[in-house]
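this one's sequence-less:
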Ligand SMILES: C[S@@+](CC[C@H](N)C(=O)[O-])C[C@H]1O[C@@H](n2cnc3c(N)ncnc32)[C@H](O)[C@@H]1O
């Protein structure tokens with residue numbers, strides 16, 4: 001931990017966030033989904049969810065006018081790296097950096113591509129089975145960035161790359177409330193989805209609190225959930241991320257049907273029924289359970305059984321039923337050109353193997 005850990009720090013009096021917004025004419029860009037938090041009690045509350053920040057290193061993603069940034073500094077962070085895409089916010093962030101000399105590093109860049117594995121000193125690194133490192137990531141990002149970002153970071157977590165080269169780096173992030181509910185949903189809950197399994201097999205995921213939309217300027221259409229992630233020492237599924245993602249995506253394909261329907265789509269049409277039966281038997285999972293009723297140990301058993309089948313059947317791991325469907329459709333179309341029969345996408349779906357037709361019944365993103 002940095003030596004400033006023991007020295008309490010408070011920012012000197014500064015213009016309020018509202019005044020900063022006026023001073024630098026920081027009108028929120030609707031197309032960038034910018035919504036600002038001006039209430040320091042709320043920004044302090046978000047930052048408290050990360051735990052004790054005294055003397056730690058922090059990366060804040062999307063600081064904007066700097067409300068959360070101030071709370072992080074007041075919480076005693078020794079080193080704060082902020083990554084902000086929109087250059088209009090840089091002068092306001094520089095003002096903050098001058099008020100906290102030597103503590104703030106400003107990067108104007110995109111967090112989706114920024115190399116966080118190079119952003120902090122290597123001495124911070126802890127081994128994976130040790131306690132988490134003195135490094136936290138905190139951010140209130142637009143929803144269209146926070147979801148792809150957490151998916152990317154979950155994969156980084158499983159490979160111990162990106163921000164996880166330092167060990168089990170903790171994350172405190174905001175999401176649209178419905179996404180926060182999916183991330184934390186337990187077995188049987190209607191919010192249980194692909195995101196629930198992917199996040200929970202790798203981390204302890206804690207729903208911290210909800211911020212009503214009216215707390216933001218301008219007010220978004222939705223409420224916001226604050227979620228805290230701590231990577232697990234032992235992931236609950238011991239298979240490569242891509243394999244787990246494939247199994248979970250296929251199972252949730254038909255979220256209202258029995259889970260074997262989604263499992264079927266992991267296999268080429270010719271062997272579909274036989275291999276689905278083999279997989280369900282090996283996993284010892286009741287094929288009539290709905291995807292939301294499957295526990296983490298059911299998903300672990302399914303991923304292990306699929307991995308076993310992939311080791312016995314070359315090419316299975318790369319099989320994608322959507323590609324098979326696409327080729328089938330193209331062949332039919334070529335045939336119809338020859339015979340002057342019109343063929344449309346609807347007909348291709350009707351002719352598709354059992355299950356694909358039901359794909360059209362899917363509700364929302366799982
Ligand atoms: C919802 S606003 C929140 C601003 C501030 N954190 C707050 O709570 O008031 C999101 C911020 O993230 C920034 N941002 C959006 N996409 C980004 C990206 N890909 N990388 C870094 N910053 C991004 C926006 O410019 C904006 O400042």
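That came through fine. Predicted model only: the values in this text are computed from it and were never measured.

the ligand contacts on the protein?
For the chain, the residues found near the ligand under the criterion C-beta under 6 Å from any ligand atom are 32, 34-37, 61-65, 67-68, 83-86, 89, 110-112, 140-142, 145. For every residue, glycine as well, the C-beta is placed using N, CA and C.

just those: which are in strands?
36, 37, 61, 83, 84 (DSSP state E).

looks like the fourth one contacts residue 114 (just checking).
Yes: using C-beta atoms under 8 Å, residue 83 makes contact with residue 114 at a distance of 5.3 Å.

more neighbours: which of those two?
Remark: of residue 83 and residue 114, residue 83 carries more neighbours, 22 against 18, as counted by other C-beta atoms under 10 Å.

and the more buried one, what does it touch?
Applying C-beta atoms under 8 Å, 6 or more residues apart in numbering, one finds that residue 83 lies in contact with 59, 60, 61, 62, 63, 107, 109, 110, 111, 114.

distance check, it against residue 63.
8 Å (C-beta to C-beta, to the nearest Å).

same question, residue 210
22 Å.

neighbour count winner among those two?
Neighbour totals were compared for residue 210 and residue 63, and residue 63 leads with 26 against 14 (other C-beta under 10 Å).

residues contacting the more buried one?
Residue 63 is in contact with 69, 82, 83, 84, 89, 93, counting by C-beta under 8 Å, 6+ apart.

do the same with residue 86
Residue 86 makes contacts with 29, 32, 34, 64, as judged by C-beta under 8 Å, 6+ apart.

please indicate which of the residues you listed has the highest neighbour count?
Busiest of the contacts of residue 86 [other C-beta under 10 Å] is residue 64, holding 29 neighbours.

buried ones among the contacts of residue 83?
Among the contacts of residue 83, those scoring as buried are 59, 60, 61, 62, 63, 107, 111, 114 (criterion: 16 or more other C-beta atoms under 10 Å).

which two in the residues you listed are spaced the farthest apart?
Farthest-apart pair in these is 63 and 114; separation 13.3 Å (C-beta to C-beta).

please tell me how far residue 70 sits from residue 82.
In this view, residue 70 and residue 82 are 11 Å apart by C-beta to C-beta.

can you give me the strands in this protein?
Using DSSP E, strands in the chain cover 36-37, 57-61, 79-84, 104-108, 135-139, 170-176, 203-211, 216-217, 224-231.

can you list these in CSV and add mean pLDDT?
Converted to CSV, the strands of the chain look like this (pLDDT from 0 to 100):
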stretch, mean pLDDT
strand 36-37, 96
strand 57-61, 98
strand 79-84, 98
strand 104-108, 98
strand 135-139, 98
strand 170-176, 97
strand 203-211, 98
strand 216-217, 94
strand 224-231, 98
